[in-house]
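Participant: my questions are about this predicted structure, shown below with the sequence.
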Amino acid sequence: MKIGNPRVLAASVILLGAISLGGCATKDFVREEVGVVDTKLQATNAQVAAANGTIGQQGAQIAEIDKTSREALNRANAANTLAQGKFGYTMVLSDDSVKFAAGSAVLSAEAQTRLQTLADRLKTDNRNVYLEIQGHTDATERGARLGDARAEAVRRFLNQQGVALNRMGAISYGKADPVADNKTRDGRAQNRRVVVVVLS
């Protein structure tokens with residue numbers, strides 16, 4: 001076997017070694033770059049997820065503001081109707097025989113009897129009257145929602161007795177308009193009430 005020029009052979013070995021080392025260096029470089037890009041991508045994904053969470057929270061806040069606005073508009077409309085009508089009389093459901101239990105919007109049998117009497121009177125008078133049904137709560141209760149539920153319970157019952165729905169409006173004042181001290185049990189019981197205002 002004939003061995004070629006030792007200088008050429010040495011140069012070839014050096015060249016192959018350089019190429020081999022260059023290939024390894026290139027692979028390491030690519031791995032490092034991919035790692036950097038991957039880290040940036042993960043950070044970007046985390047930022048997008050956080051932004052989506054913030055958007056979801058803002059959407060919930062907007063929905064709550066919209067609900068509050070609608071409730072305020074309903075109250076304003078009811079107040080406008082009240083201002084236009086002439087006051088007839090008021091019926092209050094809060095005495096011992098008809099008061100609401102804490103946290104409840106269920107009408108007692110006594111309350112239903114009182115409301116039946118009111119419905120009969122309205123039919124006998126045969127007048128075009130408008131009823132504003134105001135729901136109230138004590139300071140320890142859930143406020144506006146429970147006040148709404150109490151007023152709606154009265155409105156539904158009167159409708160079942162023949163009073164047209166378009167002649168009644170339900171509004172909740174929640175705990176905003178107490179008639180007694182919320183620090184006492186008796187005072188809280190008086191504040192858990194529905195007031196029916198009859199306008200002619």
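Facilitator: It's in.
Participant: so what pLDDT did Arg167 get?
Facilitator: Here the pLDDT value assigned to Arg167 is 89.
Participant: find the nearest non-adjacent residue to Leu158, please.
Facilitator: Ala119 (5.5 Å; Cβ to Cβ, 6 or more residues apart in numbering). Just so you know, the C-beta spots here come from the backbone N, C-alpha and C atoms, and that holds for glycine as well.
Participant: burial measure for Gln112, as a count.
Facilitator: Gln112 has 16 neighbours, counted by other Cβ atoms under 10 Å.
Participant: contacting residues around the nearest residue to it once chain neighbours are set aside?
Facilitator: Using Cβ to Cβ, 6+ apart and skipping the chain neighbours, the partner closest in space to Gln112 is Phe157 (6.3 Å). Shown in contact with Phe157 (Cβ atoms under 8 Å, 6 or more residues apart in numbering): 107, 112, 115.
Participant: quick check: next helix or strand after the host helix or strand of Ile171?
Facilitator: Element membership for Ile171, per DSSP states H and E: strand 168-174. Heading C-terminal from strand 168-174, the first helix or strand you meet, by DSSP H and E, is helix 185-191.
Participant: mind listing the helices for the protein?
Facilitator: 6-84, 109-125, 144-160, 185-191 (DSSP state H).
Participant: kindly report the domain assignment for this structure.
Facilitator: Following automatic domain parsing, one finds the domains of the chain at 1-70, 85-199.
Participant: of those, which shows the lowest average pLDDT?
Facilitator: Comparing mean pLDDT across the domains of the chain, the weakest is domain 1-70, with a mean of 65.
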